[in-house]
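>>> Give me a 3D structure for the following:
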Amino acid sequence: MSAKETVWESLSRQGVSRRGFLKFCAVTASTLALSPKEGALLAETLAGQPRPTVIWLSFQECTGCTESLTRSFDPTLETLLLDHLSLDYHHTLQAASGARAESARTTSMRDNYGKYVLIVDGSIPLGQNGAYSTIAGVSNLAMLKESVEGAALVIAVGTCASFGGLPMAEPNPTGAVGVRELMTRGQITSKPLINVSGCPPVPEVISGVIAYYLVYGALPALDAQGRPSVYYANTVHDCCTRLPHYQAGRFAQSFDDAGARLGYCLFLLGCKGPTTHNACSTVKWNGGTSYPMNSGHGCLGCAEPNFWDKGGFYNMLATVPTPSGGSCTAPAQPPL
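Model prediction:
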């Protein structure tokens, strides 16, 4: 296979039709809130781009972020990773192991220095000189420090990589931190960084972020937490299907009462949607089928920093939220 193979050449070789590719681009443009003109540019530019190299490092995590990716729908995220991109290294998905796996990583880093996309999921433990999590005898911090040097872009996938997540919960026995914290401290080189938080994150959010970078060669607009604003500007509460019941003062008293069955608001049952910024209630999950509140369970707040330490999942928020009034137009979703 030629190293110069473009995204479209790769897709054509896999039997993807032009129509299928344009549908993928249309959906991605919609999730990114691009205009029709910008959507056409996305398709034109993405088709001619050489497949960029991706190195994916998994550190202190549960593999839930990768599990989420493998359950994405048409256009599937694995199609993006395996056909649009050259996924040269991934601890879970790669066939190679041992010395051959590590050789693939170091060779790819050398051959694509300054150009590859580095994706990280899982927090990085600093306690005991990083001994809590090692790969091939190398601490997570040392491997990240080496890998980030030649990266053009770093994407922290999941709340663990973004903010420390569950491993950083009190009392944080391993000294876990997120990628951004390490850059702030100067313990690894600062590079363009996008946080795609969630436990796990919505798959289509990751694909949209990668596609945007491929086309524009720049980061999308980010919020104060380093997350793409197009996906994280609104709270889950702002766009929840139960919001009219909240506004009318109709609240479920338990998860199985009559109000819950009628779709009443879950605020009294500890829903953290009012303080959680994510795309769950717009992009949704499982091909746009549903999301936690729509399925009868409150938001756990998993896309926010320190969500494990904020008073319990089923304790009611202390303050009554006011919806932001932002746009909640759901992006077009692909068919199942």
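>>> Going by C-alpha atoms from here, please, whenever you check contacts or count neighbours.
Fine.
>>> For the residue lying closest to residue 26 once chain neighbours are set aside, give its distance to residue 218.
Ranked by Cα to Cα, 6 or more residues apart in numbering and with sequence neighbours excluded, the top spatial neighbour of residue 26 is residue 39, at 6.3 Å. Residue 39 sits 16 Å away from residue 218, going by Cα to Cα, to the nearest Å.
>>> Who has more neighbours out of the two?
Ranked by neighbour count (other Cα atoms under 10 Å), residue 39 and residue 218 place residue 39 first, with 20 against 11.
>>> what sits up against the helix or strand harbouring the more buried one?
Assigned by DSSP states H and E, residue 39 falls within helix 36-48. Residues outside helix 36-48 that contact it (Cα atoms under 8 Å, 6 or more residues apart in numbering) are 6-9, 22, 25-26, 29-30, 211-212, 214-215.
>>> in it, what counts as buried?
Neighbour counts over helix 36-48 (16 or more other Cα atoms under 10 Å) mark 39, 40, 41, 42, 43, 46, 47 as buried.
>>> and if you look at stretch 248-257?
Within stretch 248-257, the residues that qualify as buried are 250, 251, 252, 253, counting by 16+ other Cα under 10 Å.
>>> Give me the mean pLDDT for that stretch.
Mean per-residue pLDDT for stretch 248-257: 93.
>>> Touching that stretch from outside, list them.
Under the contact criterion Cα under 8 Å, 6+ apart, stretch 248-257 has outside partners 245, 258, 259, 260, 264, 265, 266, 267, 268, 269, 296, 297.
>>> from these, which is closest to residue 328?
Distance to residue 328, by Cα to Cα, is smallest for residue 245 among the contacts of stretch 248-257, at 16.6 Å.
>>> Surely that closest one is within a strand?
No. Residue 245 is assigned helix when assessed by DSSP: H, G, I helix; E, B strand; the rest coil, not a strand.
>>> Test my guess that it contacts residue 262.
No. Using Cα atoms under 8 Å, residue 245 is not in contact with residue 262; the gap is 9.6 Å.
>>> if you count what's nearby, which of those two comes out ahead?
Shown here are residue 245 and residue 262; by other Cα under 10 Å, residue 245 has more neighbours (18 against 14).
>>> ok now do that one, which residues does it touch?
Here residue 245 is in contact with 251, 263, 264, 265 (Cα under 8 Å, 6+ apart).
>>> So what pairs up with the first one in the strands?
Beta-bridge partners for residue 251, by DSSP bridges, are residue 265.
>>> how far away is it from residue 271?
In terms of Cα to Cα, residue 251 sits 11 Å off from residue 271.
>>> can you map out the strands along the stretch 1-150 of the chain?
For the stretch 1-150 of the chain, strands defined by DSSP state E, counting those that start in this stretch occupy the ranges 53-58, 86-90, 116-121, 124-125, 134-135, 138-139.
>>> right, so of the ones you listed, which gets closest to residue 233?
Residue 233 sits nearest to strand 116-121 of all those, at 22.2 Å, using Cα to Cα.
>>> residues in contact with the closest one?
Identification of contacts with strand 116-121 by Cα under 8 Å, 6+ apart yields 52-61, 65, 109, 147-148, 150-158, 160-161.
>>> helices and strands of the chain: which one has the lowest mean pLDDT?
Using mean pLDDT, DSSP states H and E, helix 77-79 stands out as the lowest-scoring helix or strand of the chain, at a mean of 59.
>>> How about the residue positioned nearest the centre of the chain: what's its closest non-neighbour residue?
The centroid of the chain falls nearest to residue 196 when counting by Cα atoms, centre = their mean (3.7 Å). Nearest residue to residue 196, sequence neighbours excluded (Cα to Cα, 6+ apart): residue 157, at 5.0 Å.
>>> How many residues are close by that neighbour?
28.
>>> OK, contacts around it?
65, 119, 120, 121, 122, 195, 196, 197, 198, 201, 206.
>>> how does it look with 7 Å?
119, 120, 121, 195, 196, 197 (Cα atoms under 7 Å, 6 or more residues apart in numbering).
>>> Give the bridge partners for it, please.
Note on residue 157: beta-bridge partners by DSSP bridges are residue 121, residue 196.
>>> so how far is residue 247 from it?
34 Å.
>>> can you check residue 117 too?
Distance, residue 117 to residue 247, using Cα to Cα: 44 Å.
>>> Those two: who's more crowded?
Ranked by neighbour count (other Cα under 10 Å), residue 117 and residue 247 place residue 117 first, with 25 against 12.
>>> and the closest residue to residue 228 other than its chain neighbours, what pLDDT?
Leaving aside its chain neighbours, residue 228 sits nearest to residue 222 (4.4 Å; criterion: Cα to Cα, 6+ apart). Here, the pLDDT recorded for residue 222 equals 94.
>>> Isn't residue 222 up against residue 229?
Yes. Residue 222 is within contact range of residue 229, at 5.0 Å (criterion: Cα atoms under 7 Å).
>>> related to what we said a few turns ago, return the member of the contacts of residue 157 nearest to residue 179.
Taking the contacts of residue 157 together and measuring to residue 179 by Cα to Cα, the closest member is residue 120, at 8.1 Å.
>>> what about the closest one, neighbour count?
Neighbour count of residue 120, defined by other Cα under 10 Å: 26.
>>> what's the pLDDT at it?
For residue 120, pLDDT reads 96.
>>> ok, now how distant is it from residue 131?
Going from residue 120 to residue 131 by Cα to Cα gives 18 Å.
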